[in-house]
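Asker: Below: sequence and its predicted model.
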Amino acid sequence: MLTVRPATAADIPAIMDIVRRVVPLMQAAGNFQWEADYPNEAVFQQDISRQQLWVAEADGAVAGVAALTTDQDPEYAQADWDPAETAIVTHRLAVDPAVQGRGVAAALLAQAEHLAAAQGLQSLRVDTNSENKATQRLFPKLGYRFAGEITLAFRPGLRFYCYEKRLA
């Protein structure tokens, strides 16, 4: 059974454990979106203080994490969507490698939909490293459309694919 709830400071050790296990797998697959120093505890603490960090629990243990915000990087203006429109944007999505493929990411993205609906927003957005094949398969399955490729100033040399889902 999966449950999604707001993250608390007590979740930080479990979240950091997931990140420590995910980063080497990402890098082994050629995806250098994250490094040893990002995302870090301070970033997650800030997400919690802003009440925008969510965890998915499986069998009582933290199985995944996502920051669900309205923060859009300035470079989002490069994508094929209205950059002026407020959207729920998924950042820092990570799933424990031990439970990947069991719907954890989908549950966190469903929470993004709930937040958008509650706030009267029509758009969900996410970006992913061009080398992240797993998310490139996942997002279209969940109704997201490819919205173009961008670069991010704070991640030089990397390319990111943008996806958007419109709510009815």
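Answerer: Yes, it's here. Numbering: from 1, shown residues only.
Asker: From here on, just use CA atoms for contacts and neighbour counts.
Answerer: Fine.
Asker: Run a quick neighbour tally on residue 90.
Answerer: For residue 90, the number of neighbouring residues by other Cα atoms under 10 Å comes to 24.
Asker: Show me what counts as buried in stretch 67-82.
Answerer: In terms of neighbour count (16 or more other Cα atoms under 10 Å), stretch 67-82 has its buried residues at 67-70, 72, 76, 79, 81.
Asker: From one end of that stretch to the other, what's the distance?
Answerer: From the first residue to the last, stretch 67-82 extends over 21 Å; the measure is Cα to Cα, to the nearest Å.
Asker: Tell me the gap between that stretch and the middle of its chain.
Answerer: Here stretch 67-82 is found 13 Å from its chain centre; the criterion is Cα atoms, centre = their mean, to the nearest Å.
Asker: Give me the contacts around that stretch.
Answerer: Outside stretch 67-82, the residues within contact range by Cα atoms under 8 Å, 6 or more residues apart in numbering are 47, 52-54, 83, 86-93, 112, 147-153, 162, 164.
Asker: Just the ones in strands from the residues you listed, please.
Answerer: When DSSP state E is applied, those are split such that 53-54, 88-93, 147-150, 162, 164 fall in strands.
Asker: ok, so of those, who is nearest residue 9?
Answerer: For residue 9, the nearest member of those is residue 53. The distance, counting by Cα to Cα, is 10.3 Å.
Asker: From residue 28, how far off is the closest residue to that closest one other than its chain neighbours?
Answerer: The spatial neighbour of residue 53 that comes closest, neighbours along the chain excluded (Cα to Cα, 6 or more residues apart in numbering), is residue 67 at 4.4 Å. Taking Cα to Cα as the measure, residue 67 falls 24 Å from residue 28.
Asker: So residue 158 versus residue 35, what's the distance?
Answerer: Remark: distance between residue 158 and residue 35 (Cα to Cα) = 13 Å.
Asker: Same question for residue 147.
Answerer: Counting by Cα to Cα - residue 147 and residue 35 are separated by 25 Å.
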